[in-house]
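Engineer: Need coordinates for the below:
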Amino acid sequence: MKTHKLLLGRFILFAFGTFLQYFFLFIGLVVVHEYTFLKAVLMVFLTVLAMLVITFVLALMFSLFSNVIMIFWTVVMEINLHHLN
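Structural biologist: Numbering: from 1, shown residues only. Just a heads-up that it's a prediction; the model follows:
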């Protein structure tokens, strides 16, 4: 039971520290760029949206390159198969 309370306490401390980190990061964004609260929230939202779009495009590119490599590999295997027979 003591270990459970210790882990819960560490989790709460970690969560509070993480919240403070993002809070100070947000306040720094507002102060440095002289944004209003709503404009800062909008900028954070647009930044996260752009990161998601970039991640999606990279996933598509990885999938495309993987398919292209598989096509070349299949062509090479077919050539080898036909030359051996």
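
Engineer: Just give me the neighbour total for L46.
Structural biologist: 10 (other Cβ atoms under 10 Å). Just so you know, the C-beta spots here come from the backbone N, C-alpha and C atoms, and that holds for glycine as well.

Engineer: roughly how far apart are the residue nearest to M43 when sequence neighbours are not counted and M70?
Structural biologist: Distances taken as Cβ to Cβ, 6 or more residues apart in numbering put Y35 closest to M43, at 6.6 Å, once the chain neighbours are dropped. Distance of Y35 to M70, computed by Cβ to Cβ, to the nearest Å: 47 Å.

Engineer: can I see the domain layout of this structure?
Structural biologist: In terms of domains, the chain is parsed into 1-34, 36-85 (source: automatic domain parsing).

Engineer: all helices of the chain, in order?
Structural biologist: Counting by DSSP state H, the chain has these helices, from start to end: 2-33, 37-84.

Engineer: lowest-confidence stretch among those?
Structural biologist: Sorting those by mean pLDDT places helix 2-33 lowest, at a mean of 92.

Engineer: How far off centre is that one?
Structural biologist: 20 Å (Cα atoms, centre = their mean, to the nearest Å).

Engineer: quick one: it to helix 37-84, angle?
Structural biologist: Per axes from the mean of the first three to the mean of the last three Cα atoms, to 10 degrees, the angle that helix 2-33 makes with helix 37-84 is 110 degrees.

Engineer: so what secondary structure elements neighbour helix 2-33?
Structural biologist: helix 37-84 (3 or more Cβ pairs under 8 Å, 6 or more residues apart in numbering; DSSP states H and E).

Engineer: Packing partners of the helix it packs on?
Structural biologist: So helix 37-84, by 3+ Cβ pairs under 8 Å, 6+ apart, packs with helix 2-33.

Engineer: Would you mind listing the buried residues in the helix it packs on?
Structural biologist: Within helix 2-33, the residues scored as buried using 16 or more other Cβ atoms under 10 Å are L29.

Engineer: So for the residue nearest to M43, what pLDDT did the model give?
Structural biologist: 95.

Engineer: Just to check, it is in contact with L29?
Structural biologist: Yes: counting by Cβ atoms under 8 Å, Y35 touches L29, with 6.7 Å between them.
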